[in-house]
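Student: 3D model of this:
(chains A, B, C and D)
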Protein chains: 2
Amino acid sequence: MAPPMIETPTIAPRRAPTDDRRAAIAKAARELIVEKGVEGLRTRDVAERVGINVATMHYHVPTKEALVELVAESLQDFFRGQSIARPRAHLSAGERMDLEFVDFREIALEKPEIMLVFSELIERARRDERIGAAILPLKKKWRQILVDLLTEGVSEGSYRTNLDPDACATMLMSTMIGFCRNRHKDSSAYERLVAELQRAIRIQPVSAILPNPTDTARQGAGPNTKE
Amino acid sequence: MAPPMIETPTIAPRRAPTDDRRAAIAKAARELIVEKGVEGLRTRDVAERVGINVATMHYHVPTKEALVELVAESLQDFFRGQSIARPRAHLSAGERMDLEFVDFREIALEKPEIMLVFSELIERARRDERIGAAILPLKKKWRQILVDLLTEGVSEGSYRTNLDPDACATMLMSTMIGFCRNRHKDSSAYERLVAELQRAIRIQPVSAILPNPTDTARQGAGPNTKE
DNA sequence: ATCTCTCTCAATCAAATGATTGATTGATAC
DNA sequence: GTATCAATCAATCATTTGATTGAGAGAGAT
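Tutor: Predicted coordinates for the structure are as follows:
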C-alpha cells in the first residue's frame, strides 16, 4: 500500500511529534484520573505534568472532553496490543482461561492505573454518551471473550456443567475490577483470589463434596487472613 | 435516662428542622453524586435541588468536605437500619446467606443510588483519608459478615469444603457492587447472577460433575443472552 | 412589646478553571 | 533569503465554584 524505501512520504510528513505529545498527554491524564478522578481532572495539571503550556495542550487536544476521549482511546490501544501476538489457539479453553488470569495479573500488578482508569471510565460511561461509545465496546469485547471461554470450557468438561457463562462472566469481570479498585498491589492476594475463582467455576474434586472432609482436603484455601 | 412524659425536653429543643434539612441535603447530595460523581458534586446544585439558598446550605453543612462526610454518615445510618430488627439467629448460615442476597436485591433494585454512592465513596476513600474513615469501616463490616457466614456455611456443610471465605467474600462483594454499577435495574438479571453465585459456593450436585451431562441437568442456568 | 435565637436569603468575594489570543520559534521548502 | 507551517508560550478572558457577609423573617419566651 505505502511506497517502499521512502522514509518521509509526502503524505502525512513528520506527524510523529504530535503523536508523541498526544501519547504523553494521554499518559499524564491517565495518572491524574487515577489520582483525582475524571471530574477532578484539570487541564492545567495535565499540561504541567507533561511539561508544556496549557495552550500547547489545547493545541494538541482541543477540549477537556477530547482529552477524556483520548484517554479512552489510549486504553483501547493498550488492550488491543495486549490481545495481539498471543498464539494460543492450540490450547484448551481451560488453559486459555488460565492464561487470561495470568494476563490480568500482569496488568493489575504492573500497570494498575490501566484498570483503575478503565473502571473510572466505565462509571462515567453511564453519564456521558461519548465516553460510553469509546469504552463500552472494550467492556463488551472482554465480556465476550470470557463468555466464549466459559462456554467452551463447559463443553470440554473443564467447568461445571451447571455454569451460566453470562452470569459467570459478570462475576469474573466484577471481581477482577474490584480487585484492582482495592489497594492491594499484593501478588499473593491475587493468587488467592484467582484460586477461589477457579474453584468456583471448575468441576469440584470429590473431596469438596464430602460432608466431613479432612483438613488436608481443603486444597488451595490458604489461611484466613483478614484484609 | 431521659425524663418520661415530656415531649419537648429543655435539652436539644426542636432540633428537628435542622436534622430534616440535613437529611434533605444528604439525599440531594447522594442523587447528585450518582449523576456527576463526587468530584462533580457542586454545593450550588445541592442547594438548588433541596430548594434552599446556597448560604442556607452552608449554614447546615459548613463545607463541601462536611457535605461528603454527611453523605457517608447517611449511608452508615442506612446500613445500620438495614441490619437492625432482623431476627434470624435461628437460621442456618446457608439460609442467612440466602437472606443476604434477598436484602441486597432490595437495595440494588429499589435504592440503586445507595450502592452507587457507596461504590463512589469507596473509590474516593483511596484518595481522601476522611472519606475512608467514614466508609471503610462499613465495607469492613460487610466483608466480615460475609466471611463469617461463609466460614459457618462450610462448617455446616452448606458450602464447598475447599471454599476460601476471605477470597470468596471479595468475590461476592465485588460482584454485587459490579452489578449495581451496571445499568440493569433488571430483577431477572439479578436472580440469574445470584443463582450463579450460589452454584459457585455451594456443594455441587452430582450431575454437575459428570463428564457428559444431559441438558436437563443444567439446573438454574438460563438462556445465554448477551448484555 | 420586645428580646432572643434559629433559620433563611440576596449580594458578593476570591480562587479555580476551561479556553482563547496574539506573538514567537524553528524547521522545511522554494 | 524568505515564505510557510507546525508547535509553543505568556497573558488574558469569561465562567464556574466554594464560601462569606450582613441583613432580615418568624417563632417562642419574658
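Student: just the CA atoms of the helix-or-strand element of chain A with minimal mean pLDDT, as CSV, please.
Tutor: None of the helices or strands of chain A scores lower by mean pLDDT, DSSP states H and E than helix A:16-36, at a mean of 88. C-alpha atoms of helix A:16-36 as CSV (Å, rounded to 0.1, in the frame of the first residue of the first chain):
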residue,chain,number,x,y,z
ALA,A,16,5.4,12.0,14.9
PRO,A,17,5.9,15.0,17.2
THR,A,18,2.1,15.4,17.5
ASP,A,19,1.5,11.8,18.2
ASP,A,20,4.2,11.7,20.8
ARG,A,21,2.7,14.7,22.5
ARG,A,22,-0.7,13.2,22.5
ALA,A,23,0.7,10.0,23.9
ALA,A,24,2.4,11.9,26.7
ILE,A,25,-0.7,13.9,27.3
ALA,A,26,-2.8,10.7,27.5
LYS,A,27,-0.3,9.1,29.9
ALA,A,28,-0.4,12.2,32.2
ALA,A,29,-4.2,12.3,32.0
ARG,A,30,-4.4,8.6,33.0
GLU,A,31,-2.2,9.1,36.0
LEU,A,32,-4.2,12.2,37.1
ILE,A,33,-7.5,10.4,36.6
VAL,A,34,-6.3,7.7,39.0
GLU,A,35,-5.3,10.4,41.5
LYS,A,36,-8.2,12.8,41.2
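Student: are the following helix or strand past it and chain B in contact anywhere?
Tutor: Helices and strands here follow DSSP states H and E; after helix A:16-36, the next one along the chain is helix A:43-50. No: taking Cβ under 8 Å from any Cβ of the partner chain as the criterion, helix A:43-50 and chain B are apart, separated by no less than 12.6 Å. Where you see a C-beta, it was placed from the backbone N, CA and C, and this is true even at glycine.
Student: what is the mean pLDDT for the helix or strand following helix A:43-50?
Tutor: Downstream of helix A:43-50, the first helix or strand assigned by DSSP H and E is helix A:54-60. For helix A:54-60, the mean pLDDT works out to 94.
Student: so which bits of the longest helix along chain A are buried?
Tutor: Criterion DSSP state H: the longest helix present in chain A is helix A:129-155. By 16 or more other Cβ atoms under 10 Å in any protein chain shown, the buried positions in helix A:129-155 come out as A:131-132, A:134-136, A:138-139, A:142-143, A:146-147, A:149-154.
Student: over to stretch A:121-130?
Tutor: Quick answer for stretch A:121-130 (16+ other Cβ under 10 Å): A:121-126, A:128.
Student: same check on stretch A:188-196?
Tutor: A:189-190, A:192-196.
Student: related to what we said a few turns ago, need the buried residues of stretch A:121-130 in CSV (columns: distance to B:D77, secondary structure and pLDDT).
Tutor: Putting the buried residues of stretch A:121-130 into CSV (distance: Cβ to Cβ, whole Å; DSSP: H, G, I helix; E, B strand; the rest coil; pLDDT from 0 to 100) gives the following:
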residue, distance to B:D77, secondary structure, pLDDT
A:L121, 31, helix, 96
A:I122, 29, helix, 96
A:E123, 24, helix, 94
A:R124, 28, helix, 93
A:A125, 30, helix, 93
A:R126, 26, coil, 91
A:D128, 31, coil, 87
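Student: returning to that earlier point: filter the buried residues of stretch A:188-196 down to just the ones in helices.
Tutor: Filtering the buried residues of stretch A:188-196 for helices - DSSP H - leaves A:189-190, A:192-196.
Student: how about those residues in CSV, adding pLDDT?
Tutor: What follows is these, written out as CSV (pLDDT from 0 to 100):
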residue, pLDDT
A:A189, 93
A:Y190, 95
A:R192, 96
A:L193, 96
A:V194, 97
A:A195, 97
A:E196, 97
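Student: where does the residue most central in space within chain A land on pLDDT?
Tutor: In chain A, the residue lying closest to the centroid (Cα atoms, centre = their mean) is A:M115, at 4.9 Å. pLDDT recorded at A:M115 is 96.
Student: and it, how close does it get to B:S187?
Tutor: 30 Å (Cβ to Cβ, to the nearest Å).
Student: number of nearby residues for A:D186?
Tutor: Residue crowding around A:D186 was assessed by other Cβ atoms under 10 Å in any protein chain shown; the count is 12.
Student: before we move on, what about A:H184?
Tutor: 17.
Student: same deal with A:K36?
Tutor: 15.
Student: what's near enough to touch it?
Tutor: A:42, A:45, B:39, B:127 (Cβ atoms under 8 Å, 6 or more residues apart in numbering or on different chains).
Student: any idea how far chain B is from A:E69?
Tutor: Distance, A:E69 to chain B, using Cβ to the nearest Cβ, to the nearest Å: 17 Å.
Student: brain fart, A:H184
Tutor: A:H184 is 10 Å from chain B, by Cβ to the nearest Cβ.
Student: ditto for A:L193
Tutor: 5 Å.
Student: now that residue, nearest residue through space, not along the chain?
Tutor: B:A167 (4.8 Å; Cβ to Cβ, 6 or more residues apart in numbering or on different chains).
Student: quick one: contacts for that neighbour?
Tutor: B:A167 neighbours (Cβ under 8 Å, 6+ apart): A:192-193, A:195-196.
Student: ok, A:A133 - contacts?
Tutor: By Cβ under 8 Å, 6+ apart, A:A133 has no neighbours at all.
Student: I figured A:G40 was touching B:E39, is that so?
Tutor: Yes: applying Cβ atoms under 8 Å, one finds A:G40 in contact with B:E39, separated by 3.8 Å.
Student: noted, bye for now.
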